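Undergrad: compute the structure for the input listed below.
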Amino acid sequence: MSLGSWLRDRPHFIERVYLLVEKVAKGLDPVISKLGYKRVEKVIKPFEDAGKKLVFDCRTCGQCILHSTGMTCPMTCPKNLRNGPCGGTRANGHCEVKPEMKCVWVEAYERSLKMPVYGEEMTRIQPPVNKELYDRSAWITLLTGEDKVTPACWEQIDQLTLLQDIQSIWPQDQ
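TA: Numbering: from 1, shown residues only. From the prediction side, this is the model:
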């Protein structure tokens, strides 16, 4: 077992580390802003990349949602799905594209159950990846708010409306 998989299987620990780093980053935001986001990004990005690659097999999307996906990178899905598994997840929980690999979303769900703070975020609909943020520091895009800007072609879906639409298509048994 690699160090990365060992850590990924301890999502509550990673969640606590994430909360600490997020608090520090947001606390330092005024200083980072004055120094310049791009300048600071050049310094922190190599460290961010190395750590995330080791632990999460990071694909440097620049729009990290690890905390919303059970500390499992959805970009490691062969189909790059950010909102749950495809229809081809095998009965044993493995990927239809890479049968030797457990489905990223099965792992994400199982790990999210062990996360008391962010675990419920698995149910939130995530916007598609903004390819313009690729190879950027996810911490910097979080601080600037760029990670929340959806591509112009994507219309925000109201989750309640989506749930109502799904229920109208597949009504509950009476």
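
Undergrad: show me what contacts the spatially most central residue of the chain?
TA: Geometric centre of the chain, nearest residue: Ile65, 2.2 Å, by Cα atoms, centre = their mean. Neighbour list for Ile65: 74, 82, 126 [criterion: Cβ atoms under 8 Å, 6 or more residues apart in numbering]. For glycine as for every other residue, the C-beta is placed from the backbone atoms N, C-alpha and C.

Undergrad: from the residues you listed, which single one is nearest Arg59?
TA: Pro74 (9.4 Å; Cβ to Cβ).

Undergrad: which residues does stretch 14-25 contact?
TA: 7-8, 32, 55, 66-67, 71, 115-118, 139, 142-143.

Undergrad: apply 7 Å and report the result again.
TA: Residues from elsewhere that reach stretch 14-25 (Cβ atoms under 7 Å, 6 or more residues apart in numbering): 7, 67, 71, 115, 117-118, 139, 143.

Undergrad: most neighbours among these, please name it.
TA: Using other Cβ atoms under 10 Å as the neighbour criterion, Met71 leads the contacts of stretch 14-25 with 27 neighbours.
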